[in-house]
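Asker: Got a sequence here, can you build the structure:
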Amino acid sequence: MSKKIAYFTNSKTLFTNNTVLAVFREFLEQDVEIHLICPDGNVKLPDDLSKIKKHKIPNPLILWPKNPLKIISAIADYVSLAKFLYREKVETLIGQDHVGLIIAGRLNKILKCKNLVYFSFEIYFQDELNTLWDKKLKEKELKYALQVTDILIQDKVRMSLLKTENNVSEQTNWHLIPVATTSDITHLTKNVKALKEKLSIPNHFKLAIHSGSVEAWSGAQFFIDALKGDWPSETWLVIHSFEEFSDNHKVHLELKELQQRGVNVTLYHHIFENDDQYFEFLKCFDVGFALYAAQPQNGLGKNIGEIGLASGKFSNLMMLGIPTIVTDSTFYPELFEKYLAGEVIKEYTQINPALKKIVNANQDKYAKEAKRLYDEVLNPKKAIHEMVTSLI
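Answerer: Got it, this is the predicted structure:
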């Protein structure tokens, strides 16, 4: 009889997380049955994960509803789910981030499973929380964090932060697994000329890429300030977003205005059909950016400032051999001392010299160092295999 696990998440974009994808694939390879407890029981599964069984996640009951019928309904959902998991003999509960952990922890009080595992992709710090909801969430996270047997987190700096913040037991097993894909990229091609034609970029420019969220916390203000200032004349910046750029978004509006003024920047909204298409797009660029700006006033302080190996953007660029400019933190300077795969900056005025240094240097050397960093530090395949094996 196969082993069974239950995975709890309130994320509707679960499968944009490379770690989750790789972990689920490893569980299935080891003949483990996965029960995914998710919003409305209706997260879209990738084709190769179609065997996963989906269930609706209960109300986390962070703040109790005023309507008693909603409380009764939520409790009934917990009881029904607990009975199902008990009947299925599920031995491992995995909670993703604080809401997932809280719900898994509640059920584990009844089920007494072999493993209660916390997958931490975001770290929430008490001194950065402003709303009653967030403070109550943290209070309950701390309660159930004391009961976990295992924690997945991305690197030693984030492990230290979470260990201190959540007062984690010394008996807890830690699994350090970067957010990185395990995709085979050996067959990928690139067509730089076609991309420049599509985006109306003159052929003689070097290309730089920011791909992902376009927000203050993801370094957008760095680009605005740099483009207004001494942006290198030989480099063209493409800012790619999976979401549409909005005229009601201050940062987006400033970037649109710069584009309309003829500055060397293109805003590009596009959703790729699969990883291969996305990686072939990224391969066309000479330089990548993985910039992060802590926003403690918005609850995005140390978690963003010390994002480290929780940055899937950084991992993708390293895997593809693209030299990358990153923001200063505890972890990145140490990495780039050993692997000459890019440059570390502290402020936007350092973007220009960093770009010039990279585009005028030996690109092959940078590419080899980036790929070496991925192979030796970021590739999560071995660590994921070892973690999954230990849990079953």
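
Asker: report the longest helix in the protein, please.
Answerer: helix 68-87 (DSSP state H).

Asker: immediately after that one, which helix or strand?
Answerer: Next in sequence after helix 68-87, counting helices and strands by DSSP states H and E, comes strand 92-96.

Asker: re the thing from before, how far does the longest helix of the chain sit from the chain's center?
Answerer: 31 Å (C-alpha atoms, centre = their mean, to the nearest Å).

Asker: any idea of the angle that helix forms with strand 92-96?
Answerer: Relative orientation of helix 68-87 versus strand 92-96 (axes from the mean of the first three to the mean of the last three C-alpha atoms, to 10 degrees): 140 degrees.

Asker: Mean confidence (pLDDT) on helix 68-87, please.
Answerer: What helix 68-87 shows for mean pLDDT is 92.

Asker: in that helix, what's buried?
Answerer: 74, 77, 78, 81, 82, 85 (16 or more other C-beta atoms under 10 Å). Any C-beta I mention is one placed from the backbone N, CA and C, and that applies to glycine too.

Asker: what does that helix rub up against?
Answerer: Residues outside helix 68-87 that contact it (C-beta atoms under 8 Å, 6 or more residues apart in numbering): 6, 35, 37, 55-56, 58-59, 61, 64-65, 93, 106-107, 110-111.

Asker: if you set the cut-off to 6 Å instead, what comes out?
Answerer: Defining contact as C-beta atoms under 6 Å, 6 or more residues apart in numbering, one finds that helix 68-87 is touched by 6, 58, 59, 61, 65, 107, 110, 111.

Asker: Taking the residues you listed, please make a ChimeraX selection of just the buried ones.
Answerer: Buried residues among these (16+ other C-beta under 10 Å), as a ChimeraX selection:
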select :6,58,59,61,107,111
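
Asker: Just give me the closest of the contacts of helix 68-87 to residue 333.
Answerer: residue 6 (39.6 Å; C-beta to C-beta).

Asker: Now the closest one: which helix or strand?
Answerer: Using DSSP H and E, residue 6 falls in strand 4-8.

Asker: Can you list the helices and strands that that strand packs against?
Answerer: On a contact count with 3 or more C-beta pairs under 6 Å, 6 or more residues apart in numbering; DSSP states H and E, strand 4-8 meets strand 33-38, strand 92-96, helix 97-111.

Asker: For residue 250, which of the ones you listed is the nearest?
Answerer: Closest to residue 250 of those, according to C-beta to C-beta: helix 97-111, at 27.5 Å.

Asker: What's the mean pLDDT across the helix or strand following that closest one?
Answerer: Downstream of helix 97-111, the next assigned helix or strand under DSSP H and E is strand 115-119. Per-residue pLDDT values over strand 115-119 give a mean of 97.

Asker: Give the residue spans of the protein that score low on pLDDT.
Answerer: Scanning the chain for pLDDT under 70 picks out 1.

Asker: domain parsing for it?
Answerer: Here the domain assignment for the chain is 4-177, 192-378, based on automatic domain parsing.

Asker: Just the terminal-to-terminal distance for the first one.
Answerer: It stands for domain 4-177. 22 Å (C-alpha to C-alpha, to the nearest Å).

Asker: Over to stretch 338-358?
Answerer: 17 Å.

Asker: quick one: contacts of that stretch?
Answerer: By C-beta under 6 Å, 6+ apart, the list of residues contacting stretch 338-358 reads 222, 225-226, 230, 232, 235, 287, 323-326, 328, 332-333, 336, 369-370, 373.

Asker: 7 Å - rerun?
Answerer: Contacts to stretch 338-358, defined as C-beta atoms under 7 Å, 6 or more residues apart in numbering, come from residues 208, 222, 225-226, 230-232, 235, 287, 318, 323-328, 332-333, 336, 366, 369-370, 372-373.

Asker: Check which residues of that stretch are buried.
Answerer: 339-345, 348, 350-352, 354-355, 358.

Asker: And for stretch 182-189?
Answerer: 182, 183.

Asker: Next: stretch 27-40.
Answerer: 27, 28, 32, 33, 34, 35, 36, 37, 38.

Asker: Could you pull out the strands in the stretch 151-300 of the chain for me?
Answerer: In the stretch 151-300 of the chain, the segments counted as strands under DSSP state E, counting those that start in this stretch are 173-176, 206-211, 235-241, 265-269, 287-290.

Asker: Give me the sheet partners of the first one and which way each runs.
Answerer: What that stands for is strand 173-176. strand 150-153 (parallel) (DSSP bridges).

Asker: Name the residues that touch the partner strand?
Answerer: By C-beta under 7 Å, 6+ apart, strand 150-153 touches 115, 117-120, 159, 162, 168, 172-177, 387, 391.

Asker: now with 8 Å?
Answerer: Contacts of strand 150-153 (C-beta under 8 Å, 6+ apart): 19, 115-120, 159, 162, 168, 172-177, 387, 390-391.
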